[in-house]
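J.: Quick one, structure for this:
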Amino acid sequence: MLDLLPQMPTSAWLLVIAGALVVGFSKSALPGAGTIAVGLFALALPAKESTAALLLLLILGDVTALWMYRREPDWRTLVRLIPSVLVGLVLGAVFLALADASAVRGGIGVILLLLVAITLWRRRAATRRAQAQGEHAEKPAVGRLARIGYGSLGGFTTMVANAGGPPMSMYFYAMRMPVLTFLGTSAWFFAIVNILKLPFSASLGLFTVEYAVMDLLLAPLVIGGALVGRRIAQRVPQQVFEKAILVLTVLSAIGLIIGA
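T.: Below is the predicted model of the structure:
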């Protein structure tokens with residue numbers, strides 16, 4: 001089996017090893033951190049091959065997170081997101097067939113920064129309205145049009161650059177989800193989306209035997225990273241979790257802009 005592995009320098013192997021650990025950790029603790037793994041794989045492998053190789057590890061991370069948070073998802077939110085996400089996936093697949101994904105990564109980064117600003121503004125505005133009306137419970141600052149925007153962008157970015165984590169993290173943040181509900185909903189969402197991506201990626205000829213074998217060797221690292229992430233997620237306070245999501249989304253956006 002070892003003779004089927006891709007021929008890569010030691011530095012590239014270290015990058016994909018780190019990326020596999022980040023994949024597992026992001027799936028069970030901080031979904032936005034997954035973009036770090038995207039960057040690590042992009043540095044180690046050719047652009048399109050890195051997308052396919054990472055996708056298989058992401059699906060393994062999704063399955064692991066599903067087992068961990070199988071009782072936590074907000075099903076109503078998931079069902080409402082599916083139509084707009086499917087539109088984004090199709091647009092992303094068409095884009096990949098016609099253009100170079102690296103050409104749009106800088107634009108995605110700029111959009112993510114705008115998304116953070118808009119999400120924060122909408123959430124604070126909703127808080128002020130609730131306080132003015134004497135309400136104690138804060139209501140989600142997300143309407144139908146906003147949901148369509150988040151979902152479409154999430155589908156497009158995950159198809160083009162495996163970078164759907166940040167926009168969807170912003171959506172779940174805007175929904176004011178508790179930590180475990182956030183992680184459970186995110187786990188189910190990306191499990192469904194990443195499985196839907198498989199036929200698109202296969203039709204583009206992105207999968208190879210050598211990278212599949214590499215993923216097989218990296219699989220235990222994904223599971224190990226997920227186990228560590230779960231222990232942290234069970235102890236992290238809500239405010240700390242939300243701030244970490246915001247910081248990671250901003251860093252992901254900057255990374256996409258710099259790497260474009």
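
J.: Please enumerate the helices of this structure.
T.: Secondary structure of the chain (DSSP state H): helices at 10-28, 34-44, 47-68, 75-98, 102-132, 144-161, 165-174, 179-203, 209-233, 238-259.

J.: Now Val250. Nearest residue, chain neighbours left out?
T.: Spatial nearest neighbour of Val250, excluding adjacent residues (CB to CB, 6 or more residues apart in numbering): Val116 at 5.9 Å. For every residue, glycine as well, the C-beta is placed using N, CA and C.

J.: So which bits of stretch 80-94 are buried?
T.: Neighbour-count burial for stretch 80-94, counted by 16 or more other CB atoms under 10 Å, picks out Leu81, Ser84, Val85, Gly88, Leu89, Gly92, Ala93.

J.: What's the local residue count around the residue nearest to Val213 when sequence neighbours are not counted?
T.: Once flanking residues are discounted, Val213 sits nearest to Leu4: 4.6 Å by CB to CB, 6+ apart. Other residues lying near Leu4 total 13 when counted by other CB atoms under 10 Å.

J.: and Leu4, what is it in contact with?
T.: Shown in contact with Leu4 (CB atoms under 8 Å, 6 or more residues apart in numbering): Val209, Glu210, Val213.

J.: Lowest mean pLDDT among the helices and strands, pick that one out for this protein.
T.: helix 102-132 (a mean of 73; mean pLDDT, DSSP states H and E).

J.: just checking, Phe190 touches Leu58?
T.: Yes: Phe190 lies in contact with Leu58 (CB atoms under 8 Å); the separation is 7.0 Å.

J.: Give me the common contacts of those two.
T.: Lys27.

J.: Contacts only, for the residue sitting nearest the centre point of the chain.
T.: The centroid of the chain falls nearest to Gly165 when counting by CA atoms, centre = their mean (2.2 Å). Neighbour list for Gly165: Ser26, Pro31, Gly32, Ala33, Gly34, Thr35, Thr158, Ser186, Phe190, Ser252 [criterion: CB under 8 Å, 6+ apart].
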